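build me a model from this:
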Amino acid sequence: MPSTPPTHPRPSPYEPAAPETGTPDPGSGRRLDLAAGGAALALFAVVASVGAYLLSRSPSLHVGWPPLMADWGPHLGPGTPAAVAVAALAVGYGPRLAGRLPWRTMPWAAWAVAMAWTWSLALVDGWQRGVAGRLTRSGEYLRGIDRFQHFSSTVHDFTGHILINSPSNWGTHIAGHPVGAVLTFVGLDRIGLGGGAWGGVFCITVGSSAAAAALVTLRLLAGEGRARAAAPFLALAPGAVWVGVSADGYFAAVAAWALALLALAATRTRGWQRAVAASASGLLLGVAVYLSYGLILLAIPVLAVLLCTRRARPLLYVLPACAAVVLVFTLLGFNWWQAYGLLRTRYYQGYGGVRPYAYWVWGNLGAVVAAAGVAAAAGLRRALAAAPAAVRQWRRRADPEALAAVVLPCAFLLAMLAADLSGMSKAETERIWLPFTWWLPAAAVLLPARDRRGWLAAQAATALLVNHLLLTDW
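Down below sits the predicted model:
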């Protein structure tokens with residue numbers, strides 16, 4: 001009777017790729033993961049301690065509870081039971097359901113959980129403070145939409161009111177963003193969805209869809225197994241604290257769907273599918289740049305997507321579509337480069353000229369810990385450690401899915417570092433960098449499967465603690 005050949009189990013798609021050479025030490029890797037998570041917490045603690053000391057000597061930081069734009073204020077609210085329930089259910093059943101649900105339902109499920117998570121966290125502060133009143137405060141978008149009664153002339157003259165010493169200068173958020181940001185809320189008002197309540201509903205609904213967009217992107221680039229493993233981390237991201245309610249959550253979703261469509265275009269072989277997806281991606285990328293000046297840094301993850309797929313052909317459709325958006329806004333009278341130059345002046349006329357760069361250049365990273373969570377730090381450690389091997393694999397055209405799992409989080413980290421070093425991001429980065437930090441929890445797919453539930457619980461605890469101990473400005 002012939003002997004049965006030994007069988008070797010196939011590696012699970014939920015596990016990170018093994019190193020190219022040598023035998024991995026699981027115990028050592030887990031210790032390093034814990035060390036990375038601990039280092040992230042230590043960074044936040046040091047940043048907070050130094051910030052508190054500086055704040056006691058001078059108000060120059062201009063935040064209430066550095067490094068976050070918040071005030072100390074332990075509290076409970078109507079959203080507390082729901083937030084705890086969503087966290088418990090997602091940690092307890094999320095990983096299992098993510099592995100079993102039909103794929104066609106996965107993005108919808110991730111969006112639904114992310115929306116429930118964001119709503120419950122927002123309502124911890126109550127309906128008025130947590131949702132309806134967020135976008136109506138001084139300096140917010142809704143305080144300036146009445147000035148768009150004469151639409152074309154207001155858009156044409158927009159840049160003339162950016163500087164603080166200009167006549168009828170715009171409020172902080174309108175002046176700090178391209179005209180597309182405020183036009184979103186003008187449009188909502190024109191269709192009968194005006195006011196803070198509808199604005200909050202819009203930002204939460206659209207913003208939480210970034211989880212679905214990131215999931216689609218990961219499946220296309222990193223494989224279905226890794227996308228399923230990332231789903232609970234994307235749905236339960238700590239950044240949801242600031243998605244509900246800030247316009248930056250909406251910006252993050254626009255950016256995320258632009259990248260998802262780009263990934264779709266880069267992985268499709270049929271010409272018409274590639275053309276449609278790439279053109280839609282280009283339109284959204286163009287819109288994103290007219291929502292926030294900082295989203296010009298999406299060029300880095302765009303490049304990462306194209307490198308992972310080794311396809312530049314989508315740019316034949318992306319660039320003209322993006323240029324069409326630029327042309328429309330230019331014809332309306334809004335000059336992006338001129339406005340950005342004026343914004344730089346305005347930035348240093350206000351808090352940007354007072355907040356010390358020496359603190360915020362690393363204090364911003366402490367805010368990232370709160371928005372991305374300790375699981376993101378542990379996953380990023382693995383991504384950075386695997387980066388040299390990933391480059392070698394890319395050169396050999398080997399395992400492109402494992403490459404994407406490493407390259408994508410590194411690309412978003414690089415975009416944030418560029419924003420950090422620019423000096424134009426001093427404080428409030430837990431909100432401003434949502435288009436980048438939202439993706440970092442997905443790096444947790446590089447962690448061992450048996451450890452992920454614990455890391456997911458840590459993510460949920462981060463958001464719950466921040467939202468219940470602090471009164472955040474968003």
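
give me every residue that touches the closest residue to residue 366 other than its chain neighbours.
In space, not counting the residues next to it along the chain, residue 366 is nearest to residue 47; the distance is 3.2 Å by Cβ to Cβ, 6 or more residues apart in numbering. C-beta here means a position set from N, CA and C on the backbone, and glycine is covered the same way. When contacts are counted by Cβ atoms under 8 Å, 6 or more residues apart in numbering, residue 47 touches 66-67, 362-363, 365-367.

wait, residue 419 sits on residue 295?
No: between residue 419 and residue 295 there is no contact under Cβ atoms under 8 Å: 10.0 Å.

ok, back up a step: SS state for the residue nearest to residue 366?
Of the three states, residue 47 takes helix according to DSSP: H, G, I helix; E, B strand; the rest coil.

and it, how far from residue 363?
5 Å (Cβ to Cβ, to the nearest Å).

what residues are shared contacts of the two?
Joint contacts of residue 47 and residue 363 (Cβ under 8 Å, 6+ apart) are 66-67.

that older thread, quick check: ChimeraX command selecting the buried ones in the contacts of residue 47.
The buried residues among the contacts of residue 47 can be selected in ChimeraX (16 or more other Cβ atoms under 10 Å) with this line:
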select :66,67,363,365,366,367
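
got the contacts of residue 47 as CSV, with pLDDT, distance to residue 215 and secondary structure columns?
Shown next, in CSV, are these (pLDDT from 0 to 100; distance: Cβ to Cβ, whole Å; DSSP: H, G, I helix; E, B strand; the rest coil):
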residue, pLDDT, distance to residue 215, secondary structure
66, 96, 33, coil
67, 97, 29, coil
362, 95, 32, helix
363, 96, 31, helix
365, 96, 26, helix
366, 97, 28, helix
367, 97, 25, helix
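
now for the contacts of residue 47: which two are most distant?
Farthest apart among the contacts of residue 47 by Cβ to Cβ are 66 and 365. That separation is 12.6 Å.

my guess is residue 91 contacts residue 457. True?
Yes: at 4.9 Å, residue 91 counts as touching residue 457 under the criterion of Cβ under 8 Å.

the two: who's more crowded?
The neighbour comparison of residue 91 against residue 457 (other Cβ atoms under 10 Å) goes to residue 91, with 21 against 17.

who's in contact with that one?
232, 236, 453, 456-457, 460.

between the contacts of residue 47, which is nearest residue 377?
residue 365 (10.2 Å).

next, count neighbours for the nearest residue to that closest one once chain neighbours are set aside.
In space, not counting the residues next to it along the chain, residue 365 is nearest to residue 43; the distance is 6.4 Å by Cβ to Cβ, 6+ apart. For residue 43, the count of nearby residues is 18 (other Cβ under 10 Å).

cool, residue 59 as well?
Applying other Cβ under 10 Å, we find 10 residues neighbouring residue 59.

kindly report the same for residue 155.
19.

find the residue closest to it in space, skipping its chain neighbours.
Leaving aside its chain neighbours, residue 155 sits nearest to residue 332 (4.8 Å; criterion: Cβ to Cβ, 6+ apart).

from residue 64, how far out is that neighbour?
Distance from residue 332 to residue 64, by Cβ to Cβ: 38 Å.

got it, and residue 271?
54 Å.

what of residue 450?
Taking Cβ to Cβ, one finds residue 450 at 40 Å from residue 64.

for residue 382, same thing?
35 Å.

okay, those two: which has more neighbours?
residue 382 (23 against 16).
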